[in-house]
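Engineer: sequence unavailable; structure follows:
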């Protein structure tokens, strides 16, 4: 199991606590310091069963000021998240088959069923 974690985010910290209460087989990835590859992020989005735009934090000023009014395709949106990872919803937790966004943190419990 992997958690794409931002230690400054309370939801991310809370999600990590829940995971640690269930298992110690967790890889913690600080995605701000260890960026994902394009294929890795695309795979995560597929596991989430969402469109890339659904992973964007649309209330962030960077999004509003630079991208909100543009017509972007999925690959462009993925690249924007790679270039500006703070725009990505967090935390993201993955296992071999699926992924969830830890908002609320209890969402991660579905990975243990």
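Structural biologist: Yes, it's here. Since the model is a prediction, treat every value here as computed from it, not as a measurement.
Engineer: from here on, contacts and neighbour counts on C-alpha atoms
Structural biologist: OK.
Engineer: quick one, helices of the protein?
Structural biologist: Secondary structure of the chain by DSSP state H: the helices cover 10-22, 38-48, 61-66, 74-83.
Engineer: can you list those helices in JSON lines and add distance to residue 2?
Structural biologist: Below are the helices of the chain laid out as JSON lines (distance: least, CA to CA, whole Å):
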{"stretch": "helix 10-22", "distance to residue 2": "10"}
{"stretch": "helix 38-48", "distance to residue 2": "11"}
{"stretch": "helix 61-66", "distance to residue 2": "26"}
{"stretch": "helix 74-83", "distance to residue 2": "18"}
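Engineer: of all these, which lies closest to residue 99?
Structural biologist: Nearest of those to residue 99, taken as CA to CA: helix 38-48 at 4.9 Å.
Engineer: quick one on the thing from earlier: any chance of the helices of the chain in CSV, plus mean pLDDT, mean neighbour count and distance to residue 98?
Structural biologist: Below are these laid out as CSV (pLDDT from 0 to 100; neighbours: other CA atoms under 10 Å; distance: least, CA to CA, whole Å):
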stretch, mean pLDDT, mean neighbour count, distance to residue 98
helix 10-22, 97, 17, 15
helix 38-48, 98, 16, 5
helix 61-66, 96, 12, 27
helix 74-83, 98, 17, 18
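Engineer: out of those helices, which gets nearest to residue 30?
Structural biologist: When the helices of the chain are compared by CA to CA, helix 10-22 sits nearest residue 30, at 10.4 Å.
Engineer: angles on the backbone of residue 35, please.
Structural biologist: Here is the backbone geometry of residue 35 (degrees, to the nearest 10): phi -60, psi 150.
Engineer: and it, what's its pLDDT?
Structural biologist: At residue 35, the pLDDT value in this model is 93.
Engineer: which residues touch it?
Structural biologist: By CA atoms under 8 Å, 6 or more residues apart in numbering, the contact list for residue 35 reads 82, 85.
Engineer: circling back to that earlier point, right, so of the helices of the chain, which gets closest to residue 108?
Structural biologist: helix 10-22 (7.2 Å).
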